[in-house]
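Q: From the sequence below, what's the structure:
(4 chains)
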Amino acid sequence: MSVPDRDAARRQLAGLARWRPAEIAFWVAVLAAYALFPQRAALIAEVAVIALFALSLDLVLGYAGILTLGHAAFFGWGAYVAGIAASRGWEDPTLGLLLGGGTAGVLGLLGAPLVLRGGDLTRLMVTLGLATVLHELANRFTGLTGGADGLQGMVVGPLLGMFEFDLEGHVGAAYALAVLFLAFLLLRRIALSPFGWSLRAIRANPLRAAALGIPLRRRLVAAYTIGAALAGVAGALLAQVTQFVSLDVLSFQRSADGLLVLLIGGVGWLYGGLVGAVVFKLMQDLLSSLTPQYWQFWIGALLVVLVLLGRERPRAWIARLRRPAEGAAP
Amino acid sequence: MTPALQTLGLTHHFGAFLATDNVNISLPPGARHALIGPNGAGKTTLVNLLTGVLRPGAGRILMGGEEVTGMAQDRRVRRGLSRTFQINQLFPELTPLQSVSLAVARRMELDGGWWRPLGHGGAVAKEAAEILGRFGLSDAMGRRVGDLPYGRQRLLEVALAIAARPRVLLLDEPAAGVPEAEREDILAAIRALPREVAVLLIEHDMDLVFRFAESITVLVSGAVLMEGTPAEVAADPRVRAVYLGEGGHD
Amino acid sequence: MNRRTLLAGAAGLPLAAAVLPRPALAQGTPFRIGLILSMTGPFASTGKQVEAAVRLYARQNPAFAGRPVEILLRDDGGAADATRRHAQELVVNEKVSALAGFVLTPHALAAAPIAARGRVPMVVMSAATATVTEASPFVVRTSQTTPQVTVPLAGWAAENGIRKAVTVVSDYGPGLDAEKWFGQRLGAAGGAVAEALRVPLANPDFAPFLQRARDAAPEAVFVFVPAGVGSIFMKQFAERGLKEAGIRLIALGDVLDDDILNGMGEPALGVISSHHYSAAHDSEANHRFVAAFREAAGMRPNFMAVGGYDGMALLRMAAEKAGTGAAGQALADAMKGLSWESPRGPVSIDATTRDIVQNVYIRRVERQGGELYNVEFATVPAVKDPAKAQG
Amino acid sequence: MLTVLFDGIAYGMVLFILACGLAVTLGLMNLVNLAHGAFAMAGGYAALVLVNAWGVPFLAALPLVFLATAALGALMERTLYVQVYARSHLDQVLFSVGLIFMAMAVVDYAAGPSQQFIRIPEALRGRIEVAGVGMGIYRLLVIGLCGAVALALHLALARTRFGSQLRAAVDDSRVARGLGINVGLIFTVTFAVGSGLAGLGGALGADILGLDPGFPLRFMIYFLIVVTVGGTASIPGAFLASLLLGIADVAGKYYLPSLGAFIIYGVMLAVLVWRPQGLFGRAGVR
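A: Numbers count the residues shown, from 1 in each chain, chains lettered A, B, ... in the order given. Below is the predicted model:
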């Protein structure tokens, strides 16, 4: 072994974790959007919630390769837990966020063995089934959830005891962006850690990953749990920012939106969820004000076209262009 | 001396088909052992039994004297049993450095960590660079694995297995599909494997087998036909009849 | 520099571009109404009815108190958080004079705090849970409440010899409301509900529930399920021979929605229901409304359309009563106690509860001029929402 | 209670005819087509147009519906689905969810969002009693028709030359091509028949399950459960799974109405825990 090789290796590995200028530019742009467009604060908060949801889905789908149609189960769970907590006098938003995320994580941990039990088809069915059952339960337990009328009487206290949520939604948007950024930092670390790499390895080649001694099942359960917890945080965030929870947080449409966001932005790439959420929400906003009735058609058409064109193709193209030394971005 | 890897009466059926028939193999530490046999002799089944992909119908598998028969695949790897695949099983989208670093991190028990980045502290990078250097892959460490020529991918396959610092290494046809010109590189690489590793080579290329192995087991129809030094195997008329006589060096 | 991260950086910019406010409209003081409806998703048909009626009214009355009416339509796709965001943006950015629409109760409830904090009147044109008007002092309703239309039916049933009934309701808030109020009123009149069946919302097949109802041998089955599946219910009711077994079918008018009644065919004939509006209501105002609506929208108006139409009427009258410049609290206050002749008959806004007071009609499905209609044959005048009257 | 059993069987039969096409495409062709329900919906609306607008007698309309949706299926397969056979399951999921959204919007645009009703002839409307068991005539017809289709399908796959060609094409399409089998054609025909059956199911089932633009999404989970519980690639498996689900659902709602919504998920869970590959599954789709 030569010393230059060793240094090159160390540099290359360390380079993976470095913040790139474009990443910094992205977050500066986000900050600028918040500062420049105070009147669209509610939209910004909504984008942040969807981005966080997509991030959590990407961990499950993109990194761990677990096919799911029911990620909204955890989103809705987190929303209801945070909402119920806020309507029962636990007003502190941070507490609600942790409760929503934490309990959703436990739910994910409990559900993981069932989800991971079979092949792709079984996973689709179980995840969809889990979300449907939760939807049905939330509808049934009217006393707790408000049922089909939605949860009422949420009182969300001031953020960190200082900032009251305002009508214009400025505090809400800042809060949502801050939570998104923190969650992103966490996921970025996870993606760059050996655990994150082992997830990539499992998805790329489970046979080899097992032969390296990576305990596949444990890794997938862990990824599913973390993904569930983050989805719960996203749901809790939505509940607190809108101060309302209704059954549609558990709907199939939520899960499908998450998939679409990832498809637009790119799967298995942390910025995919963020970029996708921005594009998706703007497109939805635009299309639904152009053709309120039929924007769903265009959303569907977009899904079909993106798949047919090959969602890998643009990324493969980019990958070929980038300098060989840099490897996969976070 | 306790064998590094030992099977006792290993038997496995697929339905009515007897794929592994009372196989006893013993590899001392540092062995250079080859497993040969005609197609359908049960070599792949045996590898799958040894690595834990299949559970044997009967018999036992010991590593360093300890029972691993019912143990899961990943735990056997942590006990020091590593393997390569007959068909490349790599991560085409990663670089060789990333692949080997992951394997090294796994061996260092770092792979469950989700806070510190993969290269943190430099120990992983150092060992990964060292392994890549040993297999002549230093210059390619930052390239996409899927873009490497086949022969170098084959070497990476061995490098990944070695990164786990095994006590026993199963090489499943390491030269399969490698052009004649590059076979010498493969041979050189596996000859240079650390002496303390016991190697079990499964191979069709008789030239490679006879230049590498110090002892050979011949498997026919799931059962051990004979075991001996290369010279003994080459001289045995039964082996000639069932194997060498049929297809020569194939 | 990594191309992919470059891409990420670039994507931050469109966020900035697209959150630009929509261009402010010309000066003058238009009367802007933020209309939030579900134009997509499972409740899109309601959204379309309300929108058509609202637009029809705005065309007939292009100015409220001298101010040109402007409708800003937003689609919440059936998701309450979207309703809330649209409400917030309409109030904060578009400075609307009033919010209107709200197909389902959760949508209205999600927007109510915005109306309260923004001090903007909010006209609920469709949602029917009794509690909606209690969510904020700025909420006024021009649709109906479920108890309001349920209790008269139970009263009629009791007077017409029905002592033992089975209730079949969808297992969600409004359904449970209906079940509760029907049972209470029937019980008060000496009758009893033999079996209270709740059908899952996503229920494809009513067979088991109907069989159970039949086996209980009641004098009538009371049903309240969403309009769409309601027609499946009636077909299966007829098919299972419950009528032949001497069981009558009585329903809330929602089930016999004018929008789809015609497609239900034979099984619907003769079904008794109670509701506040039927397209067949015999009055001059209604004939004009139905004709204009048919011409404008190409369909028969249903009770949601009339809710939207009356919501606009209420806004116009309140604007005129409060004066040209009035907004917020003054506008909301002006709505209280207003009364007028709606296509559905005489209506008024209760000054304390801000809920609508209206006639409830008992109707029977009959064939008129080749089409099926709910023909009114009895009237319970000026019904207040019993849920609030009681509390 | 035999009437409940009868209703359960009818319900299960409708589920079977709706889902069997999916069992074949998913099990044999390894194509996750979540938009299967959209073909069923297309069939329902085709029947609506034929019967209500053009006045075709209901029973005569059924084969036409089958042909129409089969043609639609063939067209979609040739132009679109053929592109995603080789893709990952994730791609197929996204693709077919996109198709669902498009189909829902198109139907909403063309026919409106409300429930539609196919005019069923009066003769099928009634009810007969046999030995005290009340049975709807229409449901009897459904059971008869679906049963016949199930049998025909099973025989076609198990006994005919086409069936063996299909299995060969699926096992190893390269070898099959080498044997002179037109794999592309086989797949198209299979897909078309599956779609046609779904369309037939949509037309027959509209009276029991309803027909509106939300149809494909509402029944997606039912299709998935039938195929998963039945185990892929087996017509008898899907058939028995449909019957099991139909009877369990109807009986459960009859005897335990308060738990009605959860019964099919309970069945799903029980089967999954007991036999992860489905009741009659081989290894199937991974």
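
Q: And for B:Gly112, the neighbour number?
A: 16 (other CB atoms under 10 Å in any protein chain shown). The way it works is simple: take the backbone N, C-alpha and C, and place the C-beta from them, glycine included.

Q: Could you give me the buried positions within stretch A:149-158?
A: A:149-152, A:154, A:156-157 (16 or more other CB atoms under 10 Å in any protein chain shown).

Q: now do stretch A:80-93
A: Neighbour counts using 16+ other CB under 10 Å place A:80-87, A:90-93 of stretch A:80-93 among the buried residues.

Q: how close does A:Phe280 get to chain C?
A: 11 Å (CB to the nearest CB, to the nearest Å).

Q: next structured bit after the helix or strand hosting C:Gln148?
A: In this structure, C:Gln148 sits in helix C:146-159 according to DSSP states H and E. Using DSSP H and E, the helix or strand that follows helix C:146-159 in sequence is strand C:164-170.

Q: Need the mean per-residue confidence for stretch D:162-171.
A: Averaging pLDDT along stretch D:162-171 gives 75.

Q: Contacts for that stretch next, please.
A: The contact list for stretch D:162-171 (CB atoms under 8 Å, 6 or more residues apart in numbering or on different chains) reads D:28-30, D:156-157, D:175-176, D:179, D:181, D:183, D:186-187, D:189-190.

Q: which among those gets closest to chain B?
A: D:Val175 (18.7 Å; CB to the nearest CB).

Q: Which ones among the contacts of stretch D:162-171 map onto helices?
A: D:156-157, D:175-176, D:183, D:186-187, D:189-190 (DSSP state H).

Q: show me where pLDDT drops low in the stretch 101-250 of chain D?
A: Applying pLDDT under 70 to the stretch 101-250 of chain D flags residues D:131-132, D:171-173, D:231-234.

Q: ok, now which ones touch the residue in it positioned nearest to chain A?
A: Closest residue of the stretch 101-250 of chain D to chain A, CB to the nearest CB: D:Phe101 (2.8 Å). Counting by CB under 8 Å, 6+ apart, D:Phe101 touches A:256, A:296-297, A:299-300, A:303.

Q: how about the nearest residue to it, chain neighbours excluded?
A: A:Gly300 (2.8 Å; CB to CB, 6 or more residues apart in numbering or on different chains).

Q: where do the helices sit along chain B?
A: Under DSSP H, chain B gives helices at B:43-51, B:73-79, B:96-107, B:123-134, B:150-163, B:180-191, B:206-212, B:230-235, B:237-239, B:245-247.

Q: The longest one - what's its average pLDDT?
A: To tie it back to what came earlier, the one meant is helix B:150-163. Mean per-residue pLDDT for helix B:150-163: 87.

Q: can you tell me if that helix touches chain A.
A: Yes: counting by CB under 8 Å from any CB of the partner chain, contacts between helix B:150-163 and chain A involve B:160-161, B:163.

Q: Tell me which other helices or strands that helix touches.
A: Helices and strands touching helix B:150-163, by 3 or more CB pairs under 8 Å, 6 or more residues apart in numbering or on different chains; DSSP states H and E, are strand B:81-83, helix B:96-107, helix B:123-134, strand B:168-172, helix B:180-191.

Q: and the two most separated of the ones in helices among the contacts of stretch D:162-171?
A: Maximum pairwise distance among the ones in helices among the contacts of stretch D:162-171 (CB to CB): 22.3 Å, between D:Ala156 and D:Val175.

Q: Quick check: which of the buried residues of stretch A:80-93 has the minimum pLDDT.
A: Ranked by pLDDT, these bottom out at A:Glu91, which scores 79.

Q: What residues does the closest residue in space to it that isn't next to it in sequence make contact with?
A: Sequence neighbours aside, A:Gly157 is the residue nearest to A:Glu91 in space, at 3.2 Å (criterion: CB to CB, 6+ apart). Neighbouring residues of A:Gly157 by CB under 8 Å, 6+ apart: A:91-93.

Q: hmm, back to that, turn the buried residues of stretch A:80-93 into a markdown table, columns for secondary structure and distance to A:Ala173.
A: Output for those, formatted as a markdown table (DSSP: H, G, I helix; E, B strand; the rest coil; distance: CB to CB, whole Å):
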| residue | secondary structure | distance to A:Ala173 |
| --- | --- | --- |
| A:Tyr80 | helix | 23 |
| A:Val81 | helix | 22 |
| A:Ala82 | helix | 17 |
| A:Gly83 | helix | 19 |
| A:Ile84 | helix | 24 |
| A:Ala85 | helix | 22 |
| A:Ala86 | helix | 19 |
| A:Ser87 | helix | 23 |
| A:Trp90 | coil | 23 |
| A:Glu91 | coil | 20 |
| A:Asp92 | coil | 19 |
| A:Pro93 | helix | 14 |
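
Q: List just the nearest of those to D:Val149.
A: Once CB to CB is applied, the member of the buried residues of stretch A:80-93 that ends up nearest D:Val149 is A:Tyr80, at 43.5 Å.

Q: Hmm, the closest one is touching A:Ala239, no?
A: Yes: A:Tyr80 is within contact range of A:Ala239, at 7.5 Å (criterion: CB atoms under 8 Å).

Q: list residues touching both of these two?
A: With contacts defined as CB under 8 Å, 6+ apart, the residues shared by A:Tyr80 and A:Ala239 are A:151, A:245, A:249.

Q: Export the helices and strands packed on helix B:150-163 as TSV, with columns for mean pLDDT.
A: Shown next, in TSV, are those (pLDDT from 0 to 100):
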stretch	mean pLDDT
strand B:81-83	89
helix B:96-107	86
helix B:123-134	85
strand B:168-172	89
helix B:180-191	84
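
Q: Let me have these in CSV, extended by distance to chain A and mean neighbour count.
A: Converted to CSV, the helices and strands packed on helix B:150-163 look like this (distance: least, CB to the nearest CB, whole Å; neighbours: other CB atoms under 10 Å in any protein chain shown):
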stretch, distance to chain A, mean neighbour count
strand B:81-83, 6, 28
helix B:96-107, 4, 28
helix B:123-134, 4, 23
strand B:168-172, 10, 24
helix B:180-191, 15, 15
